[in-house]
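Enquirer: fold the following.
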Amino acid sequence: MCAHRPARPPFLTRIPRRLRVALTCVPGLAAVAGLVLCGVGIDRTAGGPGPSAAARATVGHTAPRPPVVPRERWLGDASVTQAPTRYADRVSAVFVHHTDSPNDYDCADAPRIIQSLYTGQAGVRHWDDIGYNFLVDRCGTVYEGRAGGPDRPVVGAHTQGFNVGTTGIAALGTFTAGVAVPRAMTDAIAAVAAWKLGLSGIDPRAPVRLVSTNSLSRYPAGTRGTFTAVSGHTDGYWTACPGAALMARLPGIRHQAARLQGRR
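Expert: Here you go, the predicted model:
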């Protein structure tokens, strides 16, 4: 689940709101509505990101690894057989998402919510795993999402056309216009972005050029798009994800991530 009332290209079918709401309320199917709405897809096409010269950091601009709850804490016995993990050469950009699910959850229930997302994606939709690399709850806890090792450049399934060489961070909740975004959540997103981009020496505020691997994205396959190193899902795909409220917080998240890397 990634978007609320996504902005679709003309060729995508609009799903009635009543059906979307019903799907989001059914455990195990919670992710299905968002999967259809967002059209994230499992992008298996080869293609590498190309950070611009401005994005390449001075040596030493790294950030500490934030605490990350391992996937075993939420996976339980829900595991399905998955394809071998794919890796990129490096992480050149971060895409921020929301899960388009209720906001009034108890943070102790976050593992259960993430397991439901996984069940919807890997079970019902027959994906090879949950699409996001990381998930963050409203209390600021960071969870490992997709398998393969949080320290490594795992190729996810979160932003159609731009999964290779990027990290997907999903905020648990719905952050459309007017919705408050918890400070603990944005702090955690900034911490993950600073750490992952710092491993590649990239300034979170800098422009990066990424090659689209799928024409269902905003860019035809094989063409380059220019993004900020920390961008929203809607920047790469036809969707409103991560919601207007969270999109409005991205400039602050970028600057905080840069400060965590020791930048001015």
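Enquirer: give me the element Ala193 is part of.
Expert: According to DSSP states H and E, Ala193 maps onto helix 183-198.
Enquirer: which secondary structure elements does that helix contact?
Expert: In terms of contacts (3 or more CB pairs under 8 Å, 6 or more residues apart in numbering; DSSP states H and E), helix 183-198 is packed against strand 93-98, strand 134-136, strand 142-144, strand 166-171, helix 244-260. Heads up, the C-betas are built off the backbone N, CA and C, glycines and all.
Enquirer: which one of the ones you listed lies closest to Ala191?
Expert: helix 244-260 (6.3 Å; CB to CB).
Enquirer: for the closest one, packing partners?
Expert: Using 3+ CB pairs under 8 Å, 6+ apart, helix 244-260 sits against strand 93-98, helix 183-198, strand 230-232.
Enquirer: and the helix or strand following the shortest one, how far out from the chain's middle?
Expert: Using DSSP H and E, the helix or strand that directly follows strand 230-232 along the chain is helix 233-236. If you compare the mean C-alpha spot of helix 233-236 with that of the full chain, they lie 10 Å apart, counting by CA atoms, centre = their mean, to the nearest Å.
Enquirer: who are the contact partners of the nearest residue in space to Gly262 that is not next to it in sequence?
Expert: Sequence neighbours aside, His61 is the residue nearest to Gly262 in space, at 5.8 Å (criterion: CB to CB, 6 or more residues apart in numbering). For His61, the contacting residues are Gly198, Gly201, Asp203, Gln261, Gly262, Arg263, by CB atoms under 8 Å, 6 or more residues apart in numbering.
Enquirer: how does it look with 7 Å?
Expert: Gly198, Gly201, Gln261, Gly262, Arg263 (CB atoms under 7 Å, 6 or more residues apart in numbering).
Enquirer: list buried residues within those residues.
Expert: Those of the contacts of His61 that meet the buried threshold are Gly198, Gly201, Gln261, Arg263, by 16 or more other CB atoms under 10 Å.
Enquirer: check the third one and give its pLDDT.
Expert: In other words, Gln261. Here the pLDDT value assigned to Gln261 is 98.
Enquirer: any idea how far Gly148 is from it?
Expert: 24 Å (CB to CB, to the nearest Å).
Enquirer: where does Arg112 fall, secondary structure wise?
Expert: With DSSP H and E as criterion, Arg112 is part of helix 110-118.
Enquirer: which intervals of this structure have sub-threshold pLDDT?
Expert: The model of the chain has pLDDT under 70 over residues 1-59.
Enquirer: now with 90?
Expert: In the predicted model, the chain carries pLDDT under 90 at residues 1-60, 77-83, 121-128.
Enquirer: any idea how far Leu260 is from the residue positioned nearest the centre of the chain?
Expert: Most central in the chain under CA atoms, centre = their mean is Gly168, positioned 2.6 Å from the mean C-alpha point. Remark: distance between Gly168 and Leu260 (CB to CB) = 19 Å.
Enquirer: before we move on, what about Ala177?
Expert: If you go by CB to CB, the gap between Ala177 and Leu260 works out to 28 Å.
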